[in-house]
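[1] I'd like to go over a predicted model; first the sequence, then the structure.
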Amino acid sequence: MTTASRTRKNLEVQRSDHTTIRYTAGGPAGGPTLALIHGWACDRGDFDAVTGHLPEHYRVLAIDLAEHGASRSTRDVWTMEEFARDVAAVLEAESVDTCVVAGHSLGGAVAVEVGQLLPDTVSHVVALDALHYLSLFPAQSEEQTDATLHMFRADFAAGVRGLVEAGSPPGTDTALMESYVAKMAAVRQPAGLRSIEGLVHWDMDAALRATKQPITVFAIRDLTTREAIDRYADRFDIVPVDLGSHHFPAEAPEGTAKLLAGVVTV
């Protein structure tokens, strides 16, 4: 399935005077379209190798959310809904009529919001190890929210490390974990802190009720609980996978591409 010959272009769309979204587009304009959204404190480069394993006739759009990767913004709003507007701006610029939207981690929450925002355009929402973490995604109590945010406000790097370690099954390579910590801790501020605040304040249950598209969650088996599967069985399909850690799109690009291709071709 490797398509090393795929031509890719780095493009940008100006959302407003304060936000420029940069993205990579590859594949024919008329092909099945897949929009890829990276996780918190990451960037679209995480999908470079995944894109290389997708069918050549796919139109693939890998997007940097505001203040992540090469995108820039001085805005004050850092909600999942506002990130969804970043993605929608790219889909509009590309004149996309229908597409599958896939997001990793925080990007999974953004993908849900894109589905709400563009119900006639998004045919399927895919979450890559996202949505199933009961300690992070569902609406939290004020006490839980304060505790989570205090961890990042008091020591941002330590908060990042805690997330990486929680998303690393036993046996995950230590050097790999350290590379994630270093990359994510260097996220541009204040967007890094403000976007994690936006995530923990996101009301996922309300968002799911308003999302009409099918949702598929590819979740790392060792990090998936029976409680999460039972809680969301009537709203999204959780598919356990064995592809590494929470950051499996970067660790297992070919396997990730096969998962995505299976959804796009449905």
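    Yep, that arrived.

[2] make it CA atoms for all contacts and neighbour counts henceforth
    Fine.

[3] Run a quick neighbour tally on residue 128.
    29 (other Cα atoms under 10 Å).

[4] residues touching it, list them.
    102-105, 108, 217-219, 249 (Cα atoms under 8 Å, 6 or more residues apart in numbering).

[5] change it to 7 Å
    The contact partners of residue 128, by Cα atoms under 7 Å, 6 or more residues apart in numbering, come to 103-105, 108, 217-219.

[6] next one: residue 254
    50, 53.

[7] Could you check how far the host helix or strand of it is from the centre of its chain?
    Using DSSP states H and E, residue 254 sits in helix 253-264. The chain centroid and the centroid of helix 253-264 are separated by 15 Å under Cα atoms, centre = their mean, to the nearest Å.

[8] avg pLDDT for that helix?
    Confidence over helix 253-264 (mean pLDDT, whole number) is 97.

[9] same deal with stretch 72-90?
    Averaged across stretch 72-90, the pLDDT comes to 97.

[10] Which parts of that stretch count as buried, going by neighbours?
    72-73, 78-90 (16 or more other Cα atoms under 10 Å).

[11] follow-up on the earlier one: so how do I select the buried members of the contacts of residue 128 in PyMOL?
    To isolate the buried members of the contacts of residue 128 in PyMOL, using 16+ other Cα under 10 Å:
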select buried, resi 103+104+105+108+217+218+219
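
[12] In helices, which of the contacts of residue 128 appear?
    Counting by DSSP state H, the contacts of residue 128 place residue 108 in helices.

[13] May I see the contacts of residue 128 arranged in a markdown table, with distance to residue 126 and pLDDT as well?
    Below are the contacts of residue 128 laid out as a markdown table (distance: Cα to Cα, whole Å; pLDDT from 0 to 100):
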| residue | distance to residue 126 | pLDDT |
| --- | --- | --- |
| 103 | 6 | 98 |
| 104 | 9 | 98 |
| 105 | 11 | 98 |
| 108 | 7 | 98 |
| 217 | 6 | 98 |
| 218 | 8 | 98 |
| 219 | 11 | 98 |
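
[14] from the contacts of residue 128, which single one is nearest residue 165?
    Comparing the contacts of residue 128 against residue 165 with Cα to Cα places residue 105 closest, at 14.3 Å.

[15] Quick one: residues contacting the closest one.
    39-40, 128-130.

[16] which of the residues you listed lies closest to residue 244?
    residue 129 (10.8 Å).

[17] among the contacts of residue 128, which are in strands?
    103-104, 217-219 (DSSP state E).

[18] so what's the closest residue to residue 29 other than its chain neighbours bridging to?
    Spatial nearest neighbour of residue 29, excluding adjacent residues (Cα to Cα, 6 or more residues apart in numbering): residue 59 at 6.0 Å. For residue 59, the beta-bridge partners under DSSP bridges are residue 33.

[19] so how far is residue 227 from the residue positioned nearest the centre of the chain?
    Geometric centre of the chain, nearest residue: residue 107, 2.1 Å, by Cα atoms, centre = their mean. Note on residue 107: its distance to residue 227, by Cα to Cα, to the nearest Å, is 22 Å.

[20] can you list contacts of whichever strand or helix holds residue 90?
    For residue 90, the element it lies in under DSSP H and E is helix 80-93. Helix 80-93 is contacted by residues 13, 15, 21, 65, 109-111, 113-114, 198-199, 202 when judged by Cα under 7 Å, 6+ apart.

[21] try stretch 201-219
    Contacts with stretch 201-219, where a contact means Cα under 7 Å, 6+ apart, come from 80, 112, 115-116, 123-130, 137-139, 236-241.

[22] low-scoring stretches of this structure, by residue?
    For the chain, the stretches with pLDDT under 70 are 1-6, 266.

[23] what about the helices in the protein?
    48-52, 80-93, 106-117, 142-154, 156-166, 174-185, 191-200, 204-210, 226-231, 248-251, 253-264.
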